[in-house]
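Colleague: Pasting the sequence and the predicted coordinates here, then a few questions.
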Number of protein chains: 2
Amino acid sequence: MQRACFLLKIKTDRMEEYKARHAAVRPDMLQALSECGWRNYSLFLREDGLLVGYFETEDLAAARACMAQREVNTRWQADMAPFFEELGGRRPDEKIMPFEEVFHLA
Amino acid sequence: MQRACFLLKIKTDRMEEYKARHAAVRPDMLQALSECGWRNYSLFLREDGLLVGYFETEDLAAARACMAQREVNTRWQADMAPFFEELGGRRPDEKIMPFEEVFHLA
């Protein structure tokens, strides 16, 4: 099992809408994540808009490649892009930054 | 089950030592975490020293209060303090910032 995390920044004036959208994610998006092997996936939002993502998967590269091929993800990422700061023209799911897991306690 | 995350900043010139220390955490520290209900606990380190922590527990307040009472944790936090930037005189485990979980997919 691989564990991964990533950081993004939500525009502070869009945080409530971002939370509302994630309280009702499209079922076909949830299904795509599950089919692509994303497990125990959480998003945490801080008051200043900093967003932490965490998920577990058997194969991180495969899980990301699988989602990159899903049309529902392309639409979802396009919908979410206006909520994020400083994406530099890249999709949010391309911004998963390289963190190294330095400790794990089961 | 509650899920929690936190952020800290490691001094970039201390990152290798920080990693080495976490590759060999004292058994009594690991035992204390387990006894205090910290589960599936990971630390992720980015190249610039940003550290993301993630863990799961039945009761976050109780899990933190339990560790705060353990002498091994007091010693461990004192040992780790020099690795962190900008702690403002507080222990690293007092810096767990309030993130709200806005999404979870099992």
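Modeller: Ah, there it is.

Colleague: A helix includes residue A:17, no?
Modeller: Yes. Residue A:17 sits within a helix when classified using DSSP: H, G, I helix; E, B strand; the rest coil.

Colleague: Please tell me how far it sits from residue B:29.
Modeller: Per C-beta to C-beta, to the nearest Å, residue A:17 is found 42 Å from residue B:29. For glycine as for every other residue, the C-beta is placed from the backbone atoms N, C-alpha and C.

Colleague: ok, now residue A:29?
Modeller: Between residue A:29 and residue B:29 the computed distance is 40 Å (C-beta to C-beta).

Colleague: now swap in residue A:74 and tell me
Modeller: As for residue A:74, its distance to residue B:29 is 45 Å (criterion: C-beta to C-beta).

Colleague: swap in residue A:12?
Modeller: For residue A:12, the distance to residue B:29 under the criterion C-beta to C-beta works out to 37 Å.

Colleague: between those two, which one's more packed in?
Modeller: A count of neighbours by other C-beta atoms under 10 Å in any protein chain shown puts residue B:29 above the other of residue A:12 and residue B:29, at 18 against 11.

Colleague: residue contacts, that one?
Modeller: Listed by C-beta atoms under 8 Å, 6 or more residues apart in numbering or on different chains, the contact partners of residue B:29 are B:72, B:73, B:76.

Colleague: what's the answer for residue A:58, then?
Modeller: Residues in contact with residue A:58, defined by C-beta under 8 Å, 6+ apart, are A:1, A:2, A:37.

Colleague: One more: residue A:57?
Modeller: Counting by C-beta under 8 Å, 6+ apart, residue A:57 makes contact with A:1, A:2, A:4, A:37, A:38, A:39, A:63.

Colleague: at 10 Å instead, please
Modeller: By C-beta atoms under 10 Å, 6 or more residues apart in numbering or on different chains, the contact set of residue A:57 is A:1-4, A:33, A:36-41, A:63-64, A:66.

Colleague: What mean pLDDT does stretch A:17-25 get?
Modeller: Per-residue pLDDT values over stretch A:17-25 give a mean of 94.

Colleague: does any bit of the helix or strand hosting residue A:65 sit next to chain B?
Modeller: Taking DSSP states H and E as the definition, one finds residue A:65 inside helix A:60-68. No. Legend: contact between helix A:60-68 and chain B by C-beta under 10 Å from any C-beta of the partner chain is lacking; minimum distance shown is 12.4 Å.

Colleague: circling back to that earlier point, nearest to chain A among the contacts of residue B:29?
Modeller: Within the contacts of residue B:29, proximity to chain A (C-beta to the nearest C-beta) peaks at residue B:76, which comes in at 12.1 Å.
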